[in-house]
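Engineer: Fold the following, please.
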Amino acid sequence: MFGEHHVLPYKSQGENEIVWRFSFRQLGWLAAGSVISVKLATAFPPIPGLGIWGYFPYWLPFGVSAIFAFVRHPGTGMTFGTFIAEWVKCARRQRVYFRP
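Structural biologist: Reported below is the predicted structural model:
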């Protein structure tokens, strides 16, 4: 007993915060959304006749990526991106039916 060393496992309570309390996953989603938004803004002109609202479609990719970065599914606690990926895997799985 004396001198024995028992290593306690480290359990992280959440994701590692890197920059401004964002994790790598969140930074990745936000960076991807901002890159797509900039590409969209340089490729297409704003919608004419709507004034400032004509620029709204440029923010849509960033908004969708923010949803994937920050929103969690309330029932499972998974991130929205993980939940969608698991849902797609479940929908595409091969179903096996047994006949008695």
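
Engineer: where in this protein is pLDDT low?
Structural biologist: 1-3, 6-15, 100 (pLDDT under 70).

Engineer: switch the cut-off to 90
Structural biologist: The model of the chain has pLDDT under 90 over residues 1-25, 47, 51-52, 73, 75-79, 81-82, 93-100.

Engineer: what's the closest non-adjacent residue to the residue sitting nearest the centre point of the chain?
Structural biologist: Nearest to the geometric centre of the chain sits residue 68, at 2.9 Å (Cα atoms, centre = their mean). Counting by Cβ to Cβ, 6 or more residues apart in numbering, residue 68 lies nearest to residue 81, which is 4.4 Å off, once chain neighbours are set aside. Bear in mind the C-beta positions are built from the backbone N, C-alpha and C, glycine included.

Engineer: The helix or strand harbouring the one you found - contacts with which helices or strands?
Structural biologist: Assigned by DSSP states H and E, residue 81 belongs to helix 80-92. Applying 3 or more Cβ pairs under 8 Å, 6 or more residues apart in numbering; DSSP states H and E, one finds that helix 80-92 makes contact with helix 60-70.

Engineer: Flag every buried residue along the helix it packs on.
Structural biologist: Residues of helix 60-70 classed as buried: 61, 62, 64, 65, 66, 68, 69 (neighbour count, 16 or more other Cβ atoms under 10 Å).

Engineer: what about the first one, distance to residue 5?
Structural biologist: Looking back up the chat, that one is residue 61. Separation of residue 61 from residue 5 (Cβ to Cβ, to the nearest Å) stands at 51 Å.

Engineer: Then residue 40?
Structural biologist: 57 Å.

Engineer: Look at these two and report which has more neighbours.
Structural biologist: Counted by other Cβ atoms under 10 Å, residue 40 and residue 5 do not tie: residue 40 has more neighbours, with 15 against 4.
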